[in-house]
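[1] Sequence and predicted structure, then a few things I'm wondering about:
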Amino acid sequence: MAQEAEQTRELQRQTDRDPRFNVPPPSTWKRVALLLFVGFLFWLSFYVKVSKPEKPKIVHASRYSKEYKFRPAASPVITERLKDGRVRLRGAQHHGL
């Protein structure tokens, strides 16, 4: 038992002398910079989460277009007027035009 304790003390002395096991702590400004960076990442995550993109608003939507007057209501043709005056169709596409 005493021999094991002596070996343990000798190993501890060797590790105390080896610089690989005695790494100096980082400087204070590096610690502060790390904390500020982590705080910035938290702020950024909440900022991105709050600012969600808005869904496009449909100015005009009709369930039936003039071309497909008798199309079933289960699959409507949606007409959307965009800000620049163009018309966007959702649903059936005009293949004949």
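    Okay, I see it.
[2] Run a quick neighbour tally on the nearest residue to residue 22 once chain neighbours are set aside.
    Spatial nearest neighbour of residue 22, excluding adjacent residues (C-beta to C-beta, 6 or more residues apart in numbering): residue 16 at 7.1 Å. The C-beta positions use only the backbone N, C-alpha and C, and glycine is treated the same way. The number of residues packed near residue 16 is 9, by other C-beta atoms under 10 Å.
[3] do the same with the one 5 residues further on
    Other residues near residue 21 number 9, with proximity taken as other C-beta under 10 Å.
[4] Renumber starting at 138 from here on
    Got it, first residue is 138 now, which makes that one residue 158.
[5] Can you report phi and psi for it?
    phi -100, psi 0 (degrees, to the nearest 10).
[6] For it, which residues are in contact?
    residue 152 (C-beta atoms under 8 Å, 6 or more residues apart in numbering).
[7] before we move on, which element is residue 152 in?
    Following DSSP states H and E, one finds residue 152 within helix 139-154.
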